[in-house]
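Participant: With the input below, show me the fold.
(one chain, ligands or ions: 1)
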Amino acid sequence: MAASLTKSFNPETASWFLAKEKPPAQIKKFMPIVATQSPAIAQPPPARRRSLADLLAPLDSIAAHSPNLVANHEARFEAGGETYTLPRYLFVGPKGGDTPIRVGIFAGIHGDEPEGVRAAVQFIKLLEAKPELAAGYYLSFYPVCNPTGLEDGTRHSRSGKDLNREFWGSSNEPEVRLLQAELISRSFNGIISLHTDDTSDGFYGIVRGATLTKHLIEPALQAAGKFLPRDPRSIIDGFQARNGVIRDAYDGVLSAPPKVRPRPFEIILETPQAPPTFLKECAFVAALKTILTEYRKFIAFAPNL
Ligand SMILES: [Zn+2]
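Facilitator: Residues are numbered from 1 along each chain as shown. Predicted coordinates:
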C-alpha cells in the first residue's frame, strides 16, 4: 500500500503549501516535514525576547485573504520544553511558462540578523502588490530559519549551534533537519539566502551551484547598489572576492542536497549591518527582484539549464 501511494504521490498537488485546508491523512504520511526533538539545551534563554509573531504578522494577515500567498505553520519542533514552528510561506506567481520555477528564499538562520527576515516580509508585500514580478514562479519563503536564535537575538540557536554550519552532515538540530527535508522535497531551481555581515561596509554576494549563477549575481549587486555600496575588498570574511562576489563558502551552509543534479543556482546575499534599516531592506528587495527577472530570461532561452 505504501508503495502504490508513493507512486501516485504528486508533490506539486499534494504539497503542504497548495492546500489551504489540512491534507488528507494518506498524503500527510508523505509530507516531508515532521516534528523532531531538540537536542540538549546548552544555555537558558535570555529574559528579553523578540516576538516572532509580531515579525510575521504582516505575512499572516496577507495570507489570510490573498489568493497568492499561503502560510504554513505546521513544521514544529521542541526547544527547552517549548514548541516552535519553522514558518513557511508560498507565493504562487501568475502562470508563466510550462513548469513553475521553484525558488527557495531563506532568512534568519543567524538569529542576530533580522535584516533578512524583514526584507523577506517586505519582498512578499511587494509581490502581493505586484504579482507579475513573480510570474512563472513558485516562491517558497522560510523567513525565520532559526526561531529560537531570532527570539533571543543570538547568532546561534538556543542549543548553542551555528545552524549554518550543520547542513548535510547528519545534524541532529531539528531546524536543520526540517530545512533539509524541504530542500530535498521541493527540488528548487534556485536557492537564495539572506545574511548580515557586521564586519563589512558594503553589500556582497556568494555564488555557488549552477554555472549561470555568476550571471545572476552581477545584476543583483548592481540593483542593490542603488541603495548600498558594494564591498570592494579582495578578501571578504576570509575568502577571495572580486567586485563583491565570492565563489566559495564555509562547509555546512544551507544549500541544495549534495548529490542533486543539475545544480540549482545558489546565492547568498550579505548586507552590511551598519546602514539604516530602510536601505538594507531596499537593497535586499532590489537584489531579489532582479534575480527573479534575470533567471526568468535564462529559462526562456535555455529551459534545460
Ligand atoms: Zn549570517
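
Participant: Identify the residues contacting the one helix or strand residue 222 maps to?
Facilitator: Assigned by DSSP states H and E, residue 222 falls within helix 213-224. Here helix 213-224 makes contact (CB atoms under 8 Å, 6 or more residues apart in numbering) with 203-205, 207, 230, 243-245, 247, 265-267, 269, 283-284, 286-291, 294-295, 298. (C-beta placed from N, C-alpha, C; glycine too.)

Participant: what's the answer for stretch 289-302, then?
Facilitator: Outside stretch 289-302, the residues that touch it by CB under 8 Å, 6+ apart are 96-97, 101, 103, 123, 126, 133-137, 189-190, 192, 212, 215-216, 219-220, 222-223, 265, 267, 305.

Participant: Please check these and keep the buried ones.
Facilitator: 96, 101, 103, 123, 133-134, 136-137, 189-190, 192, 212, 216, 220, 223, 265, 267 (16 or more other CB atoms under 10 Å).

Participant: These in helices, which ones?
Facilitator: In helices, defined here by DSSP state H, the members of the buried ones among the contacts of stretch 289-302 are 123, 216, 220, 223.

Participant: so what's the first one up against?
Facilitator: Just to be clear, that refers to residue 123. Residue 123 neighbours (CB under 8 Å, 6+ apart): 105, 284, 285, 288, 289.

Participant: hmm, try it at 6 Å
Facilitator: Shown in contact with residue 123 (CB atoms under 6 Å, 6 or more residues apart in numbering): 285, 288.

Participant: just residue 127 next, same as before
Facilitator: Residues in contact with residue 127 (CB under 6 Å, 6+ apart) are 91, 133, 134.

Participant: so where's the longest helix in this protein?
Facilitator: Counting residues, the longest helix found in the chain (DSSP H) is helix 277-301.

Participant: Report the buried residues of it.
Facilitator: For helix 277-301, a neighbour-count test (16+ other CB under 10 Å) marks 279-292, 294-296, 298-299 as buried.

Participant: One more: stretch 56-70?
Facilitator: By 16+ other CB under 10 Å, the buried positions in stretch 56-70 come out as 56, 59, 62, 63, 66, 68, 69, 70.

Participant: number of nearby residues for the residue nearest to residue 201 when sequence neighbours are not counted?
Facilitator: What sits nearest to residue 201 in space, not counting adjacent residues and going by CB to CB, 6 or more residues apart in numbering, is residue 272, at 5.4 Å. When neighbours are counted by other CB atoms under 10 Å, residue 272 registers 21.

Participant: so what's residue 109 scoring on pLDDT?
Facilitator: In this model, residue 109 is scored at 98, pLDDT.

Participant: Hmm, I typed the wrong one, I wanted residue 41.
Facilitator: Taking residue 41 on its own, its pLDDT is 52.

Participant: Repeat that for residue 281.
Facilitator: The model reports residue 281 with a pLDDT of 98.

Participant: does it really touch residue 119, like I thought?
Facilitator: Yes. Look at residue 281 against residue 119 with CB atoms under 6 Å: they come within range, at 4.8 Å.

Participant: show me where the protein has strands.
Facilitator: Taking DSSP state E as the test, the strands found in the chain are 69-72, 76-79, 82-85, 88-92, 101-107, 137-142, 190-197, 204-209, 235-236, 239-242, 245-246, 265-272.

Participant: which helices and strands does the third one pack with?
Facilitator: Judged by 3 or more CB pairs under 6 Å, 6 or more residues apart in numbering; DSSP states H and E, strand 82-85 is in contact with strand 76-79.

Participant: Report the beta-bridge partners for the residue of the stretch 151-300 of the chain found nearest the ion.
Facilitator: As assessed by CB to the ion, the ion sits closest to residue 195 within the stretch 151-300 of the chain, at 3.5 Å. Residue 195 has these beta-bridge partners by DSSP bridges: residue 270.

Participant: Could you list which of the buried residues of stretch 56-70 belong to helices?
Facilitator: Among the buried residues of stretch 56-70, DSSP H puts 56, 59, 62, 63 in helices.

Participant: Generate JSON lines for these, with pLDDT and distance to the ion as supplementary columns.
Facilitator: Output for these, formatted as JSON lines (pLDDT from 0 to 100; distance: CB to the ion, whole Å):
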{"residue": "56", "pLDDT": "96", "distance to the ion": "19"}
{"residue": "59", "pLDDT": "98", "distance to the ion": "21"}
{"residue": "62", "pLDDT": "97", "distance to the ion": "26"}
{"residue": "63", "pLDDT": "98", "distance to the ion": "26"}
